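Student: what shape does this take:
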Amino acid sequence: MDVLKKVPMLKNMPESSLKVVCKYLEPVIYSKNDYVIRARKPLNSMLFIIEGVIIWPNTTSEAVTAGSYMINQLCLVKGDLYGEELLSWASPSSHLSDLPISTQDVICQEKVEALALKAEKMQNMLSELRDRWTKYYIAPPQEKTYLQKLNETYRQLKTTKLEMVEDEELRQKMKTMMKERDILEWLSRNGLNEDLKTKITMHLKINNLVEQNIDANVDVEYFSKHVPFGMAIDIRQHLCISTLRKVPMLEKMPENVFTNICYELKPIIYAEDSYIARAGEELDLMLIIVEGKILRTDMTFDSGTTRSSMITNNLENGDFCGEELLSWASPNILFSGRAPMSTHDVKCQTKVEGFALTADKLRSFVSAYSSKWISNFNNYSNSQQLEGQTPGHDNVDKILNEEIEDEELRQKIKIMIKEKEIREWVSRNGLNEDLKTKITMHLKINNLVEQNIDANVDVEYFSKHVPFGMAIDIRQHLCISTLKKVPMLEKMPENVFTNICYELKPMIYTEDSYIARAGEELDLMLIIVEGKILRTDMTFDSGTTRSSMITNNLEKGDFCGEELLSWASPNILFSGRAPMSTHDVKCQTKVEGFALTANKLRSFVSAYSSKWISNFNNCNNSQQLEEPAFRPDNIDKILNEV
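Tutor: Numbering: from 1, shown residues only. Purely as a prediction, here's the structure:
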């Protein structure tokens, strides 16, 4: 370890990396007069001398040249290092092909014991260290950059024809180098910076990926498959962000939106003469062009005649097509119905490479970044198109009254009606704008409106189809103000009301159905969200047999069944059965609400017993509490009678 720390090329390496180097050392022993290496032979190991002496027998100078470095001594002894030029062969600027050549005979003056780091083990070591080796290695001043060496080699390759090479090993090596040249040319052609180019080519070489994929085409798919995810994202961001900024609908987006869109892009290849989109067919992607040429054709018709004309546009590197797909994600539409139709034929004139934002990825991206997307989307550029794609909401009723033969249009209208019902419900119930936006965004982006086109829009609909957090927000907005009106709960702290909402269950009652019948056991307290209820009380004159009927109309914001809470009073705390209803409670219309059931009331009081007992208001139900047979002060009397 101490010897490694003295090597100039490794002086910045952290100790953990040097320990990895030590792991690949092998013990070797040389006898007296053995050659460690002969002149003009490849240097295939680096030695850490433990015992013994090695010399250069033919040396006449005080400075001995070994490979590309000067060794300023005539012999090496215990604690010295020989062959460090092998580290240069393994440096980030090397292509790990030809080993360095020794210019001297190196011989053992006596028996030598050493630890050897062999060239083949060094490749495994580099694979383990990866980026740490690249980051901390210090190149000697005379060492050329990796890219400089590659370019020199490729210039020499141009004069050599592969089919003229008979040696199979040499031919394979040349194929590898030609593939490396293709990789470097692609990276340079697409303007990647020197640092990123070096990291990519080094990764491919160290992991032997060039040879393993020798017949693969070098294109956007090649790099997406064979480089680490971080490098692949760097490539996408370099190639795509400047193009995304040109898209009119996105021109107001903040920088981090473009950065994050790159995570959703998919590398894609089109063959010459293939179509990316056809006029009249549904669009499934927007394409950012990296390489190749595309012809986009538009047909225009003169409204006054039957004549048509053709307009063509040539697209190439840095351009885009299929941007109409973004109109489907505009705040006016937000994925209502199917994706838009292409208005162009888009045909490849050559092989085309690019990155695609597919319809599915667009949907998931807008879901994740909904607030930024909505607030920064530029509708100005596509307002006309949007008007043509979808009927205005104020025209929906008119269209429905007409006979619609087109099945697709009929489905689109059904979706718009359902969306209108959703908007009306959330507005009618006073949800704030932020919550309304989140709910409608979630339903649209996840295609839940279309999937549940025949479902009624009510409290059950939102409880089923929005995330739990949003559902709780809805309950708290609709129920807390009503819970605070209940006399037995009026002294409760705020967080008790908040937490009761977690226990509430959405309920729907049809017109003329009963929520409770007089004389029957109560099983819930209901908070009314929509609809009208008639509560009927029968009273009896104690001096006669006459009775009278008192009716109360209940509606949104009212409650019924609150007698159930008396069962949870500190005087009783669920002794015996639940109380009996003293009213008939009948629905005059369809009724929506949230119910606190007997079981949920019991579990809630168990969880919040101290707050419940200390803040429960008994004064309003003292009379009722006297009725249950198992009141604590009556127990002895009852037992004596039994």
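Student: burial count for Glu407?
Tutor: 8 (other CB atoms under 10 Å). (C-beta placed from N, C-alpha, C; glycine too.)
Student: swap in Thr312?
Tutor: With other CB under 10 Å as criterion, Thr312 counts 11.
Student: and Lys418, by the same measure?
Tutor: Other residues within reach of Lys418, judged by other CB under 10 Å, total 21.
Student: which other helices and strands contact the helix or strand hosting it?
Tutor: Element membership of Lys418 [criterion: DSSP states H and E] is helix 407-428. The contact analysis (3 or more CB pairs under 8 Å, 6 or more residues apart in numbering; DSSP states H and E) places helix 407-428 against helix 396-401, helix 433-445, helix 448-451.
Student: what are the phi and psi angles of Lys590?
Tutor: Backbone torsions of Lys590, given as degrees, to the nearest 10, read phi -60, psi 140.
Student: actually Gly469, sorry about that
Tutor: According to degrees, to the nearest 10, Gly469 has phi -60, psi -40.
Student: follow-up on the earlier one: kindly export the helix holding Lys418 (C-alpha atoms) in PDB.
Tutor: Output of helix 407-428 as PDB, limited to C-alpha atoms (Å, rounded to 0.1, in the frame of the first residue of the first chain):
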ATOM      1  CA  GLU A 407     -69.400   6.300 -33.100                       C
ATOM      2  CA  GLU A 408     -66.100   8.000 -32.300                       C
ATOM      3  CA  LEU A 409     -67.800  11.400 -32.100                       C
ATOM      4  CA  ARG A 410     -70.600  10.000 -30.000                       C
ATOM      5  CA  GLN A 411     -68.100   8.500 -27.500                       C
ATOM      6  CA  LYS A 412     -66.200  11.800 -27.400                       C
ATOM      7  CA  ILE A 413     -69.400  13.700 -26.600                       C
ATOM      8  CA  LYS A 414     -70.300  11.100 -23.800                       C
ATOM      9  CA  ILE A 415     -66.900  11.800 -22.300                       C
ATOM     10  CA  MET A 416     -67.400  15.500 -22.500                       C
ATOM     11  CA  ILE A 417     -70.800  15.200 -20.700                       C
ATOM     12  CA  LYS A 418     -69.200  13.100 -18.000                       C
ATOM     13  CA  GLU A 419     -66.400  15.700 -17.500                       C
ATOM     14  CA  LYS A 420     -69.100  18.400 -17.400                       C
ATOM     15  CA  GLU A 421     -70.900  16.500 -14.600                       C
ATOM     16  CA  ILE A 422     -67.600  16.100 -12.700                       C
ATOM     17  CA  ARG A 423     -66.900  19.800 -13.000                       C
ATOM     18  CA  GLU A 424     -70.400  20.700 -11.900                       C
ATOM     19  CA  TRP A 425     -70.200  18.400  -8.800                       C
ATOM     20  CA  VAL A 426     -66.900  19.700  -7.500                       C
ATOM     21  CA  SER A 427     -68.000  23.300  -8.100                       C
ATOM     22  CA  ARG A 428     -71.500  22.800  -6.600                       C
END
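Student: quick one: that helix to helix 433-445, angle?
Tutor: Angle of helix 407-428 versus helix 433-445, following axes from the mean of the first three to the mean of the last three CA atoms, to 10 degrees, is 160 degrees.
Student: and helix 407-428, how far from the chain's centre?
Tutor: Computed by CA atoms, centre = their mean, to the nearest Å, the chain-centroid distance of helix 407-428 equals 29 Å.
Student: in that helix, what's buried?
Tutor: 412-419, 422, 425-426 (16 or more other CB atoms under 10 Å).
Student: for stretch 450-463, same thing?
Tutor: Neighbour count says stretch 450-463 has 450, 457-459, 461-463 buried, by 16+ other CB under 10 Å.
Student: what of stretch 460-478?
Tutor: Residues of stretch 460-478 classed as buried by neighbour count (16+ other CB under 10 Å): 461-463, 465-466, 470-478.
Student: how about the helices of the stretch 201-350 of the chain, start to end?
Tutor: Taking DSSP state H, counting those that start in this stretch to define them, one finds helices in the stretch 201-350 of the chain at 209-212, 220-226, 229-244, 255-261.
Student: using a markdown table, lay out these together with distance to Gly561.
Tutor: Output for the helices of the stretch 201-350 of the chain, formatted as a markdown table (distance: least, CB to CB, whole Å):
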| stretch | distance to Gly561 |
| --- | --- |
| helix 209-212 | 70 |
| helix 220-226 | 61 |
| helix 229-244 | 57 |
| helix 255-261 | 49 |
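Student: of all these, which lies closest to Phe574?
Tutor: Of all those, helix 255-261 sits nearest to Phe574, with 52.7 Å by CB to CB.
Student: contacts for the closest one?
Tutor: Under the contact criterion CB atoms under 8 Å, 6 or more residues apart in numbering, helix 255-261 has outside partners 237, 240-241, 244-245, 250, 357, 365, 368-369, 372-373, 376.
Student: tell me what the closest residue in space to Asp558 that isn't next to it in sequence is bridged to.
Tutor: For Asp558, ignoring the flanking residues on the chain, the nearest one in space by CB to CB, 6 or more residues apart in numbering is Ile528 at 5.1 Å. For Ile528, the beta-bridge partners are Gly593 (DSSP bridges).
Student: now for Gly531: which residues touch it?
Tutor: 509, 555-556, 587-593.
Student: what's the distance between stretch 600-620 and the middle of its chain?
Tutor: 43 Å.
Student: same check, this time on stretch 205-215
Tutor: What separates the centre of stretch 205-215 from the centre of its chain is 30 Å, taken as CA atoms, centre = their mean.
Student: and Leu357, that one's in a strand?
Tutor: Yes. Counting by DSSP: H, G, I helix; E, B strand; the rest coil, Leu357 falls inside a strand.
Student: pLDDT score assigned to the nearest residue to it once chain neighbours are set aside?
Tutor: Setting aside the residues directly before and after it, Leu357 is nearest to Met286 in space (CB to CB, 6+ apart), at 4.8 Å. In this prediction, Met286 carries a pLDDT score of 95.
Student: same check, this time on Lys121
Tutor: pLDDT, Lys121: 85.
Student: surely it is in contact with Lys23?
Tutor: No. Judged on CB atoms under 8 Å, Lys121 makes no contact with Lys23 at a distance of 9.4 Å.
Student: out of these two, which sits in the busier spot?
Tutor: Lys121 (16 against 11).
Student: residues contacting that one?
Tutor: 24, 26 are the contacts of Lys121 under CB under 8 Å, 6+ apart.
Student: swap in 6 Å and give it another go.
Tutor: Listed by CB atoms under 6 Å, 6 or more residues apart in numbering, the contact set of Lys121 reads Tyr24.
Student: and if you look at Leu250?
Tutor: Here Leu250 is in contact with Leu244 (criterion: CB under 6 Å, 6+ apart).
Student: with Ile453 instead?
Tutor: 414, 418.
Student: that one and Ser463: what is the separation?
Tutor: Distance from Ile453 to Ser463, counting by CB to CB, to the nearest Å: 18 Å.
Student: what does the pLDDT read for Leu244?
Tutor: 96.
Student: once you drop chain neighbours, what's closest to it?
Tutor: The nearest residue in space to Leu244 (CB to CB, 6+ apart) is Phe258, at 4.9 Å.
Student: quick check: that neighbour vs Glu520, distance?
Tutor: Taking CB to CB, one finds Phe258 at 64 Å from Glu520.
Student: which one of those two has more residues nearby?
Tutor: Ranked by neighbour count (other CB under 10 Å), Phe258 and Glu520 place Phe258 first, with 18 against 11.
Student: just give me the neighbour total for Gln109.
Tutor: 15.
Student: surely Gly354 meets Lys293?
Tutor: No. Look at Gly354 against Lys293 with CB atoms under 6 Å: they stay out of range, at 11.7 Å.
Student: comparing these two, which shows the higher neighbour count?
Tutor: A direct count of neighbours by other CB under 10 Å for Gly354 and Lys293 places Gly354 higher, at 29 against 17.
Student: what are the bridge partners for the more buried one, then?
Tutor: Ile268, Ile289.
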